[in-house]
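Trainee: Predicted model and sequence follow; I will ask about them next.
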Amino acid sequence: MLEKWFKLRENNTNVRTEVIAGITTFMTMAYILAVNPDILSASGMDKNAVLMATALAAFVGTIAMALLANYPFALAPGLGLNAYFAYTICGNMGYSWQFALFAVFIEGLIFIVLSLTNVREAIFNAIPLTLKKGVSVGIGLFVAFIGLQNSYLVVNDDTTLVSVVNFRENFSTVGISALLAVIGLFIIAILYVKKVKGSILIGIFATWVLGMLCQAVGIYTVDAEAGFYSLFPSWSSFDLTAIGSTFGQCFKVDFDGVRIFDFIVIICSFLFVDMFDTLGTLIGVANKADMLDKNGKLLRIREALLADAIATSAGAVLGTSTTTTFVESSAGVSEGGRTGLSSIVTGFLFLLAIFFAPVFCAIPGFATAPALMFVGFLMVSAVAEIDFKDMTEAVPAYLCLLAMPLMYSISEGIAVGIISYVVINLICGKAKKITPLMYVLAVLFVLKYVFL
């Protein structure tokens, strides 16, 4: 039966190899179960509910990828877009998390339509490759900056806006948290360099364990009013019915006060980042697994994109931000995963993780912060692929990646990148490079700044 469904022999693999690959992929991306609730809870969402929604969305998306496309790619709520959800839409813009979930749901529906047609290729070809790389780098910097804040390594400063933490002041709370985050970052980096599977997840748990030891001996003290809680899991405090507080809430939105240009920008931002992040991940992981044909194309890419789109809408209904294909799938591919069977294994491991939710909910921000900082590094590595010889390409990409962390907004970075690309190339006599869609997007972003 497995041979019939997944064509194991045709893909030069076997059940044992696929199972090991699936477990490896889960180990490398399970950190999202700790990080995603930590980030989305900043929007006012229940942390327990978000954790269950995260696991269920990963299960739905990964199983869909296995059954529709038969690829060893795993999905889960993505970093970067969850930060945009919590800190930009619900933070800077002031919208409710229910509205943000509705935007994610609509984006998923649009992505489904685009995945069933050839429109996605047209959009993909319209956006310059260099600008896509700039978006990836910008998100990496943004995610890393959030990690620095969550670790208390970077704090507010009236003179310079941000500054390094004073380790000696409030050492038993802020200081020790920042110090443990530094240690956690070194652990992840060293393990990753040594090619240890699950290095990010190991780093999170190692930092958390060190924190519990510090609490046990009195170095770390609990101060709930200041946001420093006990680091030990409390099984009695976890409620499996908590997901009821987020399930279906994307359909219970009060649209009073919603500005149409904001809604357009939010949808475009979600769609843009999700689409190109997914396409880039699919191509990158498929290339590593030698799944691309002689023309560099991925067979069944429409099915893969459809699975990703379904996962996004399903995740919004469950109560989480955009679900996307994870680049960590490359870890399973490295272990020999070649079919959807490995994705089936990964998906069911995410489902099983729900029953260990209290463990993930007790993980503090300073333990997940090193993961954010290191994932930021992995995303920033795309800067090497930016063509700095062509200034009309490099400058817009630079402005895009610079704006995201400094303006604390992914959408602002995208807007700056697109507008600057159109203006610079138009004035420099390279209008032929600009696609009609780029003009449309640039005008929409300009109108946003004029009227909002």
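Mentor: That came through, no problem.

Trainee: who's in contact with the host helix or strand of residue 201?
Mentor: For residue 201, the element it lies in under DSSP states H and E is helix 199-216. Here helix 199-216 makes contact (C-beta atoms under 8 Å, 6 or more residues apart in numbering) with 27-28, 30-31, 34, 176-177, 180-181, 183-185, 187-188, 191-192, 196, 220-222, 230-232, 362-364, 366-368, 370-371, 374-375. Backbone N, C-alpha and C define where each C-beta goes, glycine included.

Trainee: and whichever helix or strand comes after it, which residues are buried?
Mentor: Sequence order places helix 260-288 as the next helix or strand after helix 199-216, per DSSP H and E. Buried residues in helix 260-288, defined by neighbour count with 16 or more other C-beta atoms under 10 Å: 262-263, 265-266, 268-283, 285-286.

Trainee: ok, of the contacts of helix 199-216, which come out buried?
Mentor: Among the contacts of helix 199-216, those buried by neighbour count (16+ other C-beta under 10 Å) are 27-28, 30-31, 34, 176-177, 180-181, 183-185, 187-188, 191-192, 220, 231, 362-364, 366-368, 370-371, 374-375.

Trainee: Let me see the ranges of the strands in the stretch 251-400 of the chain.
Mentor: Using DSSP state E, counting those that start in this stretch, the strands of the stretch 251-400 of the chain run over 323-325.

Trainee: pLDDT below threshold where in it?
Mentor: Counting by pLDDT under 70, the stretch 251-400 of the chain has low-confidence residues at 276, 280, 283-284, 288, 294-297, 361.

Trainee: Which residue ranges of it form helices?
Mentor: Ranges of helices in the stretch 251-400 of the chain, per DSSP state H, counting those that start in this stretch, are 260-288, 301-318, 329-334, 340-353, 357-361, 365-380, 391-406.

Trainee: and the fifth one, what does it pack onto?
Mentor: Identification of packing neighbours for helix 357-361 by 3 or more C-beta pairs under 8 Å, 6 or more residues apart in numbering; DSSP states H and E yields helix 32-40, helix 47-69.

Trainee: Now do the last one and helix 260-288, the angle between them.
Mentor: Following axes from the mean of the first three to the mean of the last three C-alpha atoms, to 10 degrees, one obtains 50 degrees for the angle between helix 47-69 and helix 260-288.

Trainee: just how off-centre is helix 47-69 within its chain?
Mentor: Distance of helix 47-69 from its chain centroid, counting by C-alpha atoms, centre = their mean, to the nearest Å, is 14 Å.

Trainee: Direction included, what does whichever helix or strand comes after that helix pair against?
Mentor: Using DSSP H and E, the helix or strand that follows helix 47-69 towards the C-terminus is strand 75-77. With DSSP bridges as the test, strand 75-77 is paired with strand 323-325 (antiparallel).

Trainee: what sits up against the strand it pairs with?
Mentor: With contacts defined as C-beta under 8 Å, 6+ apart, strand 323-325 is touched by 57-58, 60-61, 65, 73-78, 81, 274, 277-278, 281-282, 285, 304, 308, 311-312, 314-315.

Trainee: got it, and stretch 102-117?
Mentor: Outside stretch 102-117, the residues within contact range by C-beta under 8 Å, 6+ apart are 85, 89, 119-120, 123, 250-251, 253, 263, 266-267, 270-271, 274-275, 302, 305-306, 308-317, 321-322.

Trainee: And that stretch, what's buried?
Mentor: For stretch 102-117, using 16+ other C-beta under 10 Å, the buried residues are 102, 103, 104, 105, 106, 107, 108, 110, 111, 112, 114, 115.

Trainee: ok, now stretch 405-416?
Mentor: Using 16+ other C-beta under 10 Å as the test for burial, stretch 405-416 gives 405, 407, 408, 409, 410, 411, 412, 413, 414, 415, 416.

Trainee: Now the two most distant members of those.
Mentor: Using C-beta to C-beta, these reach their maximum pairwise distance at 405 and 415, which is 14.8 Å.

Trainee: which ones are touching residue 79?
Mentor: Contacts of residue 79 (C-beta under 8 Å, 6+ apart): 32, 35, 36, 139, 143, 372, 375.

Trainee: and it, what element?
Mentor: Here residue 79 is assigned to no helix or strand, by DSSP H and E.

Trainee: Let me know the distance separating it from residue 132.
Mentor: As judged by C-beta to C-beta, to the nearest Å, residue 79 and residue 132 stand 17 Å apart.

Trainee: Same check on residue 34?
Mentor: 29 Å.

Trainee: Would you mind measuring from the closest residue to residue 379 other than its chain neighbours to residue 205?
Mentor: What sits nearest to residue 379 in space, not counting adjacent residues and going by C-beta to C-beta, 6 or more residues apart in numbering, is residue 140, at 2.8 Å. Per C-beta to C-beta, residue 140 is found 23 Å from residue 205.

Trainee: ditto for residue 78
Mentor: As for residue 78, its distance to residue 205 is 22 Å (criterion: C-beta to C-beta).

Trainee: again, but for residue 191
Mentor: Distance, residue 191 to residue 205, using C-beta to C-beta: 11 Å.

Trainee: rewinding a little: angle of the helix holding residue 201 against helix 32-40?
Mentor: Going by the same axes, to 10 degrees, helix 199-216 makes 70 degrees with helix 32-40.

Trainee: Check which residues of helix 199-216 are buried.
Mentor: 199-208, 210-212, 214-215.

Trainee: so which of these comes closest to residue 341?
Mentor: Once C-beta to C-beta is applied, the member of those that ends up nearest residue 341 is residue 201, at 22.1 Å.
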